[in-house]
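**Q** how would this look folded up:
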Amino acid sequence: MAKFYDPDQVAVSFAGATIQGYADGEYITVEQVSDAFGDVVGTDGEVARSKSNDRRATVTIKLLQTSESNSILSGLHNLDLNAPNGAGVGSFSMVDLQGKTLVQAEQSWIVKFPDNSMDRTAKSREWEFRLAKVTRVEGGN
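**A** This is a model prediction of the structure:
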């Protein structure tokens with residue numbers, strides 16, 4: 001049986017806002033900040049394995065510069081920059097609605113504003129999010 005992937009069926013939200021208006025090509029990347037396990041080897045070859053409890057991840061989302069989500073994310077990031085006590089910390093969710101892939105965190109925030117360039121045609125804006133205590137499932141369809 002053939003499998004099917006539809007990028008239009010990947011739903012992303014941050015702090016209650018639905019993110020839309022993705023750039024062409026690779027538009028979402030997810031990367032763990034730390035390895036799940038570390039190891040060291042002793043002089044005699046014995047290996048000790050240590051579990052990391054760092055569950056942070058970095059998610060980069062590429063939007064077209066014309067995406068209305070840029071304005072929403074700008075507002076949330078400015079709120080975080082200008083208000084005390086983490087006003088820009090919110091939940092993050094990425095779900096493949098036709099598959100089993102899932103990336104979720106109750107606490108996430110925008111790391112920085114995207115770089116900006118202007119050209120004759122629309123460019124992309126790359127928003128970087130940090131997720132604390134991420135839950136991940138890399139699933140098929």
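**Q** For the residue nearest to the spatial centre of the chain, I want the exact helix or strand it lies within.
**A** Centroid check for the chain by CA atoms, centre = their mean gives residue 59 as the closest residue, at 2.2 Å. Using DSSP states H and E, residue 59 sits in strand 57-64.
**Q** Count the residues that sit near residue 94.
**A** Other residues within reach of residue 94 by the criterion other CB atoms under 10 Å amount to 22. No exception for glycine: its C-beta is placed from N, CA and C like everyone else's.
**Q** need the contact list for it.
**A** By CB atoms under 8 Å, 6 or more residues apart in numbering, the residues touching residue 94 are 10, 11, 12, 28, 30, 59, 101, 102, 103, 104.
**Q** Ok, residue 134 next?
**A** Residues in contact with residue 134 (CB under 8 Å, 6+ apart) are 32, 55, 56, 57, 103, 104, 105.
**Q** report the longest strand in the chain, please.
**A** The residue-count maximum for a strand in the chain (DSSP state E) belongs to strand 102-112.
**Q** Wasn't residue 77 part of a strand?
**A** No. According to DSSP: H, G, I helix; E, B strand; the rest coil, residue 77 belongs to no strand; its state is helix.
**Q** what pairs with the residue lying closest to it once chain neighbours are set aside across the strands?
**A** The shortest distance from residue 77 to any non-neighbouring residue, by CB to CB, 6 or more residues apart in numbering, is to residue 110 (4.4 Å). Residue 110 has these beta-bridge partners by DSSP bridges: residue 129.
**Q** That'll do, ta.
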